[in-house]
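Enquirer: Sequence and predicted structure below; questions after.
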Amino acid sequence: DIQLTQSPSFLSASVGDRVTITCRASQGISSYLAWYQQKPGKAPKLLIYVASTLQSGVPSRFSGSGSGTEFTLTISSLQPEDFATYYCQQLNSYPRTFGGGTKVEIK
Amino acid sequence: QLQLQESGPGLVKPSETVSLTCTVSGGSISRSSYHWGWIRQPPGKGLEWIGSMYYSGSTYYNPSLKSRVTISVDTSKNQFSLKLSSVTAAETAVYYCARALAVTRAFDIWGQGTMVTVSS
């Protein structure tokens, strides 16, 4: 199975900050990586697929990059509605696996 | 607009089988451009992929659950289902159904989730 390691697992940031979350895969997954945002009590929401393609309706302050084993999710200017937990998921092979999550909280 | 809704019992006894249904509305479940999946999340923890089913009928399961899980489809009702047998208290979780586009592979539409508690 492909393991995904997200870092950090928790970060505290202020509105307007640039935030970067990293997801590392235990083996190469090409660009088959997605990022999701989850708020308390809600289902996850797809933000980015195939590593860097923004899902329709997602603000352009979100961006993704990477390929192979290292990927990043960047929020260029953190907004109040962005405080949430973020997960990466590899879509290269079965079983599909998720990263452990990164909780973004208000400083 | 496509919507998914999970349904099933909220309380199941240990060693019993959890049976959940996902009803798809606003579109057909029988399209080769989609596949369908189940994901769960224990309280306060991360996401775990349970399994996925394709239009062709192919299914893929999490190896940690493989001998106990079955995903099936009822096209006449536009529903797909999850059965997980011999559950334990550790499998108390919110269970989500979701759709993925075949081309992107990512889960782009999710149900709201249903809480399943395993307790005697």
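Expert: Yes, it's here.

Enquirer: Leaving aside the residues adjacent along the chain, what's closest to A:Ser12?
Expert: A:Lys107 (4.4 Å; CB to CB, 6 or more residues apart in numbering or on different chains). All C-beta spots, glycine's among them, are computed from the backbone N, C-alpha and C.

Enquirer: burial of the one you found, as a residue count?
Expert: 9 (other CB atoms under 10 Å in any protein chain shown).

Enquirer: check contacts around it.
Expert: Counting by CB atoms under 8 Å, 6 or more residues apart in numbering or on different chains, A:Lys107 makes contact with A:12-14.

Enquirer: where does the residue nearest the centre of chain B land on pLDDT?
Expert: Computing the C-alpha centroid of chain B and ranking residues by CA atoms, centre = their mean puts B:Trp38 first, at 2.8 Å. B:Trp38 carries a pLDDT value of 98.

Enquirer: Determine the set of other helices and strands touching the host helix or strand of it.
Expert: Using DSSP states H and E, B:Trp38 sits in strand B:34-41. Counting contacts by 3 or more CB pairs under 8 Å, 6 or more residues apart in numbering or on different chains; DSSP states H and E, strand B:34-41 packs against strand B:18-25, strand B:48-54, strand B:69-74, strand B:93-101.

Enquirer: For these, give me JSON lines that also has distance to A:Arg24 and mean pLDDT.
Expert: Compiled in JSON lines, the helices and strands packed on strand B:34-41 are given as follows (distance: least, CB to CB, whole Å; pLDDT from 0 to 100):
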{"stretch": "strand B:18-25", "distance to A:Arg24": "32", "mean pLDDT": "98"}
{"stretch": "strand B:48-54", "distance to A:Arg24": "18", "mean pLDDT": "96"}
{"stretch": "strand B:69-74", "distance to A:Arg24": "28", "mean pLDDT": "95"}
{"stretch": "strand B:93-101", "distance to A:Arg24": "23", "mean pLDDT": "97"}
